[in-house]
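Colleague: the sequence and its predicted three-dimensional model are supplied below.
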Amino acid sequence: MTPTRRALFQGSAAASLIGAAPALASDLVPTGFDQIAKGPFKPNWDSLAAGYRTPDWFRDAKFGLWAHWGAQCVPEAGDWYARSMYMPGQPAYDHHLKTYGHPADTGFMDIYPQWRAENWNPDDLLDLYAKAGAKYFVAMANHHDNFDAYQSRFHDWNAVRLGPKKDIIGLWAKAARKRGLRFGVSNHSAHAWHWFQTAYGYDPEGPRKGQRYDAFKRFAADGRGKWWEGLDPQQLYGGPVMPLPDGFDTIADANKWHEANDRVWSEKAPLNNPAFTRQWYLRCKDLIDSYKPDLVYFDNFDLPLEQAGLDIAAHYYNASLQWRGKLDAVINIKPHDAHRPGIVADVERGMRSEISPEPWQTDTCIGDWHYNRRLFEEKRYLPAAEVIHRLCDIVSKNGNLLLSIPVRGDGTIDSEERRIVEEIGVWMGRFSDAIYATRPWTIFGEGPTAVAAGMFSEGKQKPFTPQDIRFTTKNAALYAITLGRPEGGQVVVRSLAKDGGHAKGPVRRVTLAGDKTPLPLRQDRTGLHVTLPDGALHPFGIALRIDGVL
């Protein structure tokens, strides 16, 4: 890089136009587009909290499936590949070096043309997911790698222009709505400005010590005659707002710097990159206006980027009122305040210990968020039984479960994933009457197994047992769901002991959920005892409908 060019580069944090660069998509903003929709919601927390109520469709749906899918699934090497491939000592770095070459020569931007989605069949997958019992479907619109999987008017790095060369979000939406599913999008790109800064780093050790990675030396003008002609790599990577400083000579010290600087997770707008915040707002508003999603999931602990996020929330709620004639929209964030009004709180890879007064959601995945072939080969996905048990626990506490099924770069899921989804569908086909459109009872359940509550706590969760029972209600019925196959065909619900404090009346009748055949029962001071025929049993557990106690 010449001294003049280096000076230009280092002096520009948000923009990176070198020489006669092409016009950026973000420069072409129609008059008035940046204004939020008119309506009762104003872009502040007081207004959002006062006017928002969770729509019934979400409260009734209970179970959604998610395609957390993008170019980071192409290497089949797991989560955060686009960041970690620039960090020596990380498995993703080793994989990239072996598979694609050194990141000074072949960066993550070179993976996008390899995300071709050549075997993707959204109709086939949505048939499978609808049969599995999902009532809503969420598709990833962008991740921290800053690439839009839709026909973005304000970001040239998108799936219509390169990679699949398809409107991924548009096609997902069409397939989901055709099957009567509510459709949502997930937006993770607000953290791209710092998350992707590893692409401006270098190897602190080894034969290529000190050589900066591709983001540090690729500009719009360099694309002439290349596959990325007309694109500006700096718009993808975010500009060098905090590149790894010169002088590191150990991997450990470089990684400590990353952890203390570009890994820091803050929802504040970057003061030294205001253009990023504006472009994020335009891209997100474009996503909402173009696809009219029922749900927007933000991978954030607050609304993203301060005022920009508040503007988007107010716009989305007001726009929903215009589209549907009622407020039918859901925003998910992961607030530190578990019951923050104005949105639907989400617990990533975790559960709650008690019934929440407000609807909420757990999001998790049967494997890594981005496809990891090793988990398939080692058969280490979350089993269908554990999915069902977590679903029942979450629903008993006024929550929903949003479950991601990792998708390979070619657009398919593997045989193990398909088997798990089908097994979920078998249980839901028999017992989902105890799940859909239900509300919590006075207590969520009973049994010996404690719940590991809180964000990212699922790894601490011990397996549930058949003695663990979860309760839901619908109209005049109480449902009791066992979290395992009842032993000896007997279920004992101790919370329904005769003269106990929870039931309003004696049990009149017990049937299986979705069935009208009365089951033998006995209610005494030790509990409600129900005998099940062998044909009623399921290895994941069963759901009883109990009449007379509400």
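Modeller: Yes, it's here. Note that the structure is predicted; figures quoted are calculated from it, not measured.
Colleague: just the strands from the stretch 251-400 of the chain, written as ranges.
Modeller: 295-298, 330-333, 344-348, 360-365, 399-404 (DSSP state E, counting those that start in this stretch).
Colleague: same question, the stretch 401-550 of the chain
Modeller: Assigned by DSSP E, counting those that start in this stretch, the stretch 401-550 of the chain shows strands spanning 445-446, 469-474, 477-482, 490-493, 509-512, 521-524, 527-531, 543-547.
Colleague: can you lay out those as CSV showing distance to Glu377?
Modeller: The way it works is simple: take the backbone N, C-alpha and C, and place the C-beta from them, glycine included. Shown next, in CSV, are the strands of the stretch 401-550 of the chain (distance: least, C-beta to C-beta, whole Å):
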stretch, distance to Glu377
strand 445-446, 36
strand 469-474, 34
strand 477-482, 33
strand 490-493, 38
strand 509-512, 38
strand 521-524, 47
strand 527-531, 42
strand 543-547, 35
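Colleague: do you know which of those lies nearest Arg182?
Modeller: strand 469-474 (19.6 Å; C-beta to C-beta).
Colleague: which elements pack onto that closest one?
Modeller: If you count contacts as 3 or more C-beta pairs under 8 Å, 6 or more residues apart in numbering; DSSP states H and E, strand 469-474 packs onto helix 384-396, strand 445-446, strand 477-482.
Colleague: just the endpoints, please. Distance across stretch 268-277?
Modeller: End-to-end span of stretch 268-277 (C-alpha to C-alpha, to the nearest Å): 10 Å.
Colleague: flag the shaky bits of this protein, pLDDT-wise.
Modeller: Residue ranges of the chain with pLDDT under 70: 1-27.
Colleague: what's Glu423 in contact with, if anything?
Modeller: Counting by C-beta atoms under 8 Å, 6 or more residues apart in numbering, Glu423 makes contact with 384-385.
Colleague: try 7 Å this time
Modeller: Contact partners of Glu423, counting by C-beta atoms under 7 Å, 6 or more residues apart in numbering, are Ala384.
Colleague: over to the one 3 residues further on?
Modeller: Under the criterion of C-beta under 7 Å, 6+ apart, the contact list for Val426 is empty.
Colleague: hmm, back to that, reformat the strands of the stretch 401-550 of the chain as JSON lines; add mean neighbour count and distance to Leu310.
Modeller: Shown next, in JSON lines, are the strands of the stretch 401-550 of the chain (neighbours: other C-beta atoms under 10 Å; distance: least, C-beta to C-beta, whole Å):
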{"stretch": "strand 445-446", "mean neighbour count": "21", "distance to Leu310": "37"}
{"stretch": "strand 469-474", "mean neighbour count": "24", "distance to Leu310": "35"}
{"stretch": "strand 477-482", "mean neighbour count": "25", "distance to Leu310": "39"}
{"stretch": "strand 490-493", "mean neighbour count": "20", "distance to Leu310": "46"}
{"stretch": "strand 509-512", "mean neighbour count": "19", "distance to Leu310": "48"}
{"stretch": "strand 521-524", "mean neighbour count": "16", "distance to Leu310": "53"}
{"stretch": "strand 527-531", "mean neighbour count": "20", "distance to Leu310": "50"}
{"stretch": "strand 543-547", "mean neighbour count": "22", "distance to Leu310": "41"}
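Colleague: which stretch among these comes nearest Ala149?
Modeller: Closest to Ala149 of those is strand 469-474 (C-beta to C-beta; 35.3 Å).
Colleague: export that closest one as CSV, just CAs?
Modeller: Provided in CSV are the C-alpha atoms of strand 469-474 (Å, rounded to 0.1, in the frame of the first residue of the first chain):
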residue,chain,number,x,y,z
ILE,A,469,-44.6,-33.1,35.4
ARG,A,470,-45.5,-29.8,33.7
PHE,A,471,-49.0,-28.1,33.8
THR,A,472,-50.8,-26.0,31.2
THR,A,473,-54.4,-24.9,30.9
LYS,A,474,-56.9,-24.3,28.1
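Colleague: need the helices and strands packed on strand 469-474 in a markdown table with distance to Ser320, can you?
Modeller: Formatted as a markdown table, those follow (distance: least, C-beta to C-beta, whole Å):
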| stretch | distance to Ser320 |
| --- | --- |
| helix 384-396 | 25 |
| strand 445-446 | 34 |
| strand 477-482 | 31 |
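Colleague: that older thread, select, out of the strands of the stretch 251-400 of the chain, the one closest to Glu118.
Modeller: Closest among these, using C-beta to C-beta: strand 399-404, at 21.6 Å.
Colleague: residues of the closest one that come out buried?
Modeller: Of the residues in strand 399-404, 399-404 count as buried by neighbour count, 16 or more other C-beta atoms under 10 Å.
Colleague: hang on, the earlier thing: closest to Gly223 out of the helices and strands packed on strand 469-474?
Modeller: Nearest of these (C-beta to C-beta): helix 384-396, 44.7 Å.
Colleague: quick one: that closest one to strand 543-547, angle?
Modeller: Calculated by axes from the mean of the first three to the mean of the last three C-alpha atoms, to 10 degrees, helix 384-396 forms an angle of 30 degrees with strand 543-547.
Colleague: strand 344-348 and helix 384-396, what's the angle between them?
Modeller: Using the same axes, to 10 degrees: helix 384-396 against strand 344-348 is 150 degrees.
Colleague: count of residues packed around the closest residue to Leu512 other than its chain neighbours?
Modeller: Spatial nearest neighbour of Leu512, excluding adjacent residues (C-beta to C-beta, 6 or more residues apart in numbering): Ala536 at 5.6 Å. Using other C-beta atoms under 10 Å, Ala536 has 17 other residues around it.
Colleague: wait, Ala536 sits on Ile542?
Modeller: Yes - with contact defined as C-beta atoms under 7 Å, Ala536 counts as touching Ile542 (6.3 Å).
Colleague: ok, now how distant is Arg525 from Leu391?
Modeller: For Arg525, the distance to Leu391 equals 32 Å [C-beta to C-beta, to the nearest Å].
Colleague: neighbour count for those two, which is higher?
Modeller: Using other C-beta under 10 Å, the more surrounded residue of Arg525 and Leu391 is Leu391, with 25 against 8.
Colleague: show me the contacts for the more buried one.
Modeller: Going by C-beta under 7 Å, 6+ apart, Leu391 touches 63, 401, 435.
Colleague: doesn't Ile394 make contact with the second one?
Modeller: Yes - checked against C-beta under 7 Å, the pair Leu401 and Ile394 is within contact range at 5.1 Å.
Colleague: between those two, what contacts are shared?
Modeller: The contact lists of Leu401 and Ile394 share Thr362, where a contact means C-beta under 7 Å, 6+ apart.
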